[in-house]
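> need a structure here:
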Amino acid sequence: MIEKINNLFRDFVNDGLNSRNIEENLKIKKLNGANWLVICSSMDCIDDTDLAISNFSKYGFNITKYQNMGENYLRLYGVLNSVYMQYNSLIQLIIANGGNNKKKILDKFKGLDICYLRNLIAAHPSTYMCDKENTIKPSQLQRYPLQDFKITINHDNIKEYDLSKCISEYIQYFTEIYLCLVSSLIKEDSSKKEFVERLKDIKLELDGGVIINNNIRFNKL
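Predicted coordinates for the structure are as follows:
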């Protein structure tokens, strides 16, 4: 679903560039808080990281028949940093729209388990700073088990995390925030019915509805 929202946003932002210059178009779209290259880079990053996160969400560790620990670490550190890159790209789009609730949204992202894990084991394993205590507390990732979607970390105490659940929680919140941003922009410039209808379809699918052949729609019973 993130891909559909990002495609809608991309088409919405690009619409009108044939008849207007970039600065004028961004001002009309209420996105004049950032330059064009930042917006393009953010959209591309959301797309690219969505591919990485979706792949891990589907396969987890050990996607081949061989127990390859090196590949497992690549997949672990890759998916954690993909999450970090993705939500920071969304923050850049929020800033471009004026930065409303940026701190609140960023704090919520940082409070999610998957973002905590990224900072703890994929960025600062030996220098992790505990905010509440203002002290450095290193962490240790247990090599075994590192399979399916499970990881075990020793940080004050030994705790197991299910990355599938952590990522699902993150995707739900990311989708909610990104959809809210895109919805507000399209409502501000609702002259193009195409974008309004595509937005409705995305909301329908998120609510459990079904769309067949792009023209038959069923709401969730």
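
> Every contact and neighbour count from this point should use C-alpha atoms.
OK.

> low-scoring stretches of this structure, by residue?
Residues of the chain meeting the criterion pLDDT under 70: 19, 64-65, 131-133, 145, 189-190, 210-221.

> what's the single longest helix in it?
Of all the segments assigned as helix in the chain under DSSP state H, the longest by residue count is helix 69-96.

> how about it: buried residues?
Judged by neighbour count using 16 or more other Cα atoms under 10 Å, the buried positions of helix 69-96 are 72, 75-96.

> could you point out which element follows it?
Using DSSP states H and E, the helix or strand that follows helix 69-96 in sequence is helix 102-111.

> Now do that next one: which elements does it pack against?
Taking 3 or more Cα pairs under 8 Å, 6 or more residues apart in numbering; DSSP states H and E as contact, the helices and strands that helix 102-111 lies on are helix 69-96.

> How far does the helix it packs on sit from its chain's centre?
The gap between the average C-alpha position of helix 69-96 and the chain average comes to 8 Å, counting by Cα atoms, centre = their mean, to the nearest Å.

> Which strands and helices lie in contact with that helix?
In this structure, helix 69-96 packs against helix 36-59, helix 102-111, helix 113-121, helix 163-188, with contacts taken as 3+ Cα pairs under 8 Å, 6+ apart.

> Now do the last one against helix 36-59, angle only.
So the one you mean is helix 163-188. Angular relation of helix 163-188 and helix 36-59 on a 0 to 180 degree scale: 140 degrees, by axes from the mean of the first three to the mean of the last three Cα atoms, to 10 degrees.

> Helix 163-188: which residues count as buried?
Within helix 163-188, the residues that qualify as buried by neighbour count (16+ other Cα under 10 Å) are 163-164, 166-167, 170-171, 173-175, 177-179, 181-183, 185-186.

> thinking again about what came up before, could you dump the helices and strands packed on helix 69-96 to JSON lines with distance to residue 204?
Shown next, in JSON lines, are the helices and strands packed on helix 69-96 (distance: least, Cα to Cα, whole Å):
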{"stretch": "helix 36-59", "distance to residue 204": "21"}
{"stretch": "helix 102-111", "distance to residue 204": "24"}
{"stretch": "helix 113-121", "distance to residue 204": "27"}
{"stretch": "helix 163-188", "distance to residue 204": "12"}
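
> of all these, which lies closest to residue 18?
When those are ranked by distance to residue 18, counting by Cα to Cα, first place goes to helix 36-59 at 15.1 Å.
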